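Participant: sequence plus predicted model, see below.
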Amino acid sequence: MQDQTQLIKTVASDCTCFNLRKASRVITQLFDQVLQPSGILANQFTLLAALSVAESVSITHLAQELVMDRTTLTRNLKPLEREGLIRIEPGQDQRVRIVSLTQKGQAALAKALPLWQQAQAKVIEKLGQDRWQTLLSHLSDTVSLLRES
């Protein structure tokens, strides 16, 4: 029992998942706060930005690109569809759903972009340019290395 108690105490300091999620929440909160005047949350902004780059894409492909579970992605897309920011339509194969950004979604993304720049600048200012570049590099490496396993 003592070993288990000690092991549980190390989770906060040593668990990769725990610490990445904690950092993610802090960054998400910062972006949500700065993006608030646009009416778009950070996770919604990233989805709109990804769709802007991809244009029309299947939900499955988008989930793979974003390294998200398909059902989680679908749940996150629903409010954007309700707001008219995205369109979800059947593909040529009726089992496939194609997602695209609407004009309203493009306008919302354009409105949020300067706020995103402010949030991004805030993160870089807090971390410092070198630490920020190192963080991005390490995160990219982490995704690449662990995605392969």
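Facilitator: Now that the structure is in, tell me what you want to look at.
Participant: contacting residues around the helix or strand where Leu139 lies?
Facilitator: Element membership for Leu139, per DSSP states H and E: helix 129-148. With contacts defined as Cβ atoms under 8 Å, 6 or more residues apart in numbering, helix 129-148 is touched by 67, 123-124, 127. Quick note: C-beta positions are derived from backbone N, CA and C, even for glycine.
Participant: for these, which one is nearest Ile40?
Facilitator: Ranked by distance to Ile40 (Cβ to Cβ), the contacts of helix 129-148 are led by Val123 at 17.4 Å.
Participant: name the residues of the helix holding Leu139 that are buried.
Facilitator: Across helix 129-148, burial judged by 16 or more other Cβ atoms under 10 Å covers no residue at all.
Participant: export it to CSV, keeping only CA atoms.
Facilitator: Taking Å, rounded to 0.1, in the frame of the first residue of the first chain, the C-alpha atoms of helix 129-148 are listed here in CSV:
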residue,chain,number,x,y,z
GLN,A,129,11.2,33.1,-28.2
ASP,A,130,13.8,30.4,-27.6
ARG,A,131,11.7,28.4,-25.2
TRP,A,132,8.7,28.7,-27.4
GLN,A,133,10.6,27.5,-30.5
THR,A,134,12.0,24.6,-28.5
LEU,A,135,8.5,23.7,-27.2
LEU,A,136,7.1,23.7,-30.7
SER,A,137,10.0,21.5,-31.9
HIS,A,138,9.6,19.1,-29.0
LEU,A,139,5.8,18.9,-29.5
SER,A,140,6.2,18.2,-33.2
ASP,A,141,8.7,15.5,-32.5
THR,A,142,6.5,14.0,-29.8
VAL,A,143,3.5,13.7,-32.2
SER,A,144,5.7,12.2,-34.9
LEU,A,145,7.4,9.7,-32.7
LEU,A,146,4.4,8.5,-30.7
ARG,A,147,2.0,8.5,-33.7
GLU,A,148,4.2,5.9,-35.3
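Participant: pLDDT on it, on average?
Facilitator: Averaged across helix 129-148, the pLDDT comes to 94.
Participant: I'd say Thr28 and Gln44 touch.
Facilitator: No - judged on Cβ atoms under 8 Å, Thr28 makes no contact with Gln44 at a distance of 11.2 Å.
Participant: between those two, which one's more packed in?
Facilitator: Higher neighbour count among Thr28 and Gln44: Gln44, with 24 against 14, using other Cβ atoms under 10 Å.
Participant: done for today, thanks.
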